[in-house]
Structure formats: structure tokens, C-alpha cells
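Engineer: whatever this is, show me its structure:
(chains A and B)
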Amino acid sequence: EPEVTQTPSHQVTQMGQEVILRCVPISNHLYFYWYRQILGQKVEFLVSFYNNEISEKSEIFDDQFSVERPDGSNFTLKIRSTKLEDSAMYFCASSPLATQTQYFGPGTRLLVL
Amino acid sequence: AQSVTQPDIHITVSEGASLELRCNYSYGATPYLFWYVQSPGQGLQLLLKYFSGDTLVQGIKGFEAEFKRSQSSFNLRKPSVHWSDAAEYFCAVGARDSSYKLIFGSGTRLLVRP
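Structural biologist: Next up is the predicted model:
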């Protein structure tokens, strides 16, 4: 069964460094999402992406964040200058259509020191 | 504003007992509704979903949920809990707008007594 994959599974970085989190959505899906979950808190929407552009972003998704679909398979989340409060689990999700189920990857646990 | 409330932070049940996890939502139209399960250190697995039609939906692992519009609820049930069901359960609303983003509740952690 196709699944969403994410790399790396864990990343440790120093405050102020740039990180890129990678996702490979399910191949025939058209809508892509990033969510994050700070330890012990709820899962929060960050951004949605369709047709090579952002369709919606949350107030969390400030200028330090960007997303890209550099080729036909990868979907990346870049944090330009990480802050301590960016430490969280980041989930990628994809769906075939906007109105259909989102399938989540296993997540990348980011720790900013 | 759209929101999801899961009033129980923790629930403990004995193995073999029945389970009901509560979920209430606030949304201006008929929502898409989901339950996801997250085992420790793992991602989110879809248990079941409601889009339209029959208000009682069946999911994987023997779970079911009932959409009650009048109560703005979508409670998750299982008649007999197994030890492997111990996990965190998230209810989510899918917003019917440009992005159909998911809005999650804060989760309910299920503990299962042997």
C-alpha cells in the first residue's frame, strides 16, 4: 500500500541554522500539507500546497518557513533560521483531492538546541 | 471559528471493556470528521472518517463513530478494548474551504488495564 515517507526521522540543529525537512507524498496525490506537533500538544496546521503554490498558511507559518515541490515527487519544508520553539514533530500529509482523506507520514522530530 | 474539543485528556479502561471517546466540534457547515490514532513515537493513522450519508461509520480495528449533528459530536466507540489499543486518539474536522486543512482536538490518551 502506498504511503507518505519523510526524512530524516530525527534532526538536531543549533538555533539559527537552516533545516530542510523532506517528504515524498503518495504518487497520485495532488494536495500536500505540513503540520506540526509540539511535545504534549495538539497537531497544528502549518500550510497547504496545491498546483505548485500555497493555498493556505497558518499564522505559525511566518517568513522563516517556506515550502517547495522541487520535482515531481518531493515536498519540502524549510525553516530558514530555527528557533528553540520550532522544536516539534513535523508531519507531512497528502490527499488525492482536497475533499478526501489526508494520509500522514511518520513525522520528523526536530530538536533545536 | 472552527474548533474541536476532546474533553477527556486521559481515559483508562480495562481490557475487554467498552470504550467511548468524546469529540465535539464547532463548524459553520456540515464538516468532514476524522479520528486518527497515534502510537508513541509514531505518525497518525486514520481510524475512520465521515463525509456524508450514514451517520454511523465503521473504521479499522473494530472502531466506529457516530455523527450527531444536533449535538455537534462525533464520538468514537469500541465494544471491547484490546491492550494494543493503548495510544493517543485525535478527533479532527476538515474545513470545507480552499485548503481543506484539518483542525485537530487536543487528543485523548487511552490507557488499557490488563
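Engineer: checking the nearest residue to B:Gln38 once chain neighbours are set aside next. Helix, strand or coil?
Structural biologist: Spatial nearest neighbour of B:Gln38, excluding adjacent residues (C-beta to C-beta, 6 or more residues apart in numbering or on different chains): B:Glu88 at 4.7 Å. C-betas here are computed from N, CA, C, even on glycine. Recorded secondary structure, B:Glu88: strand (DSSP: H, G, I helix; E, B strand; the rest coil).
Engineer: mean confidence for stretch B:18-36?
Structural biologist: Across stretch B:18-36, pLDDT averages out at 91.
Engineer: can you pull the contacts of B:Arg96?
Structural biologist: A:99, B:29-32 (C-beta atoms under 8 Å, 6 or more residues apart in numbering or on different chains).
Engineer: buried ones among the residues you listed?
Structural biologist: B:31-32 (16 or more other C-beta atoms under 10 Å in any protein chain shown).
Engineer: find me the pLDDT at the closest residue to B:Gln42 other than its chain neighbours, would you?
Structural biologist: The shortest distance from B:Gln42 to any non-neighbouring residue, by C-beta to C-beta, 6+ apart, is to A:Pro106 (6.5 Å). pLDDT recorded at A:Pro106 is 92.
Engineer: A:Ser81 sits in which helix or strand?
Structural biologist: Using DSSP states H and E, A:Ser81 falls within no helix or strand.
Engineer: number of residues surrounding it?
Structural biologist: 12 (other C-beta atoms under 10 Å in any protein chain shown).
Engineer: and what of the one 5 residues further on?
Structural biologist: Applying other C-beta under 10 Å, we find 20 other residues in the vicinity of A:Asp86.
Engineer: check contacts around it.
Structural biologist: A:79, A:110, A:112.
Engineer: look up how far chain A lies from B:Leu19.
Structural biologist: Taking C-beta to the nearest C-beta, to the nearest Å as the measure, B:Leu19 falls 21 Å from chain A.
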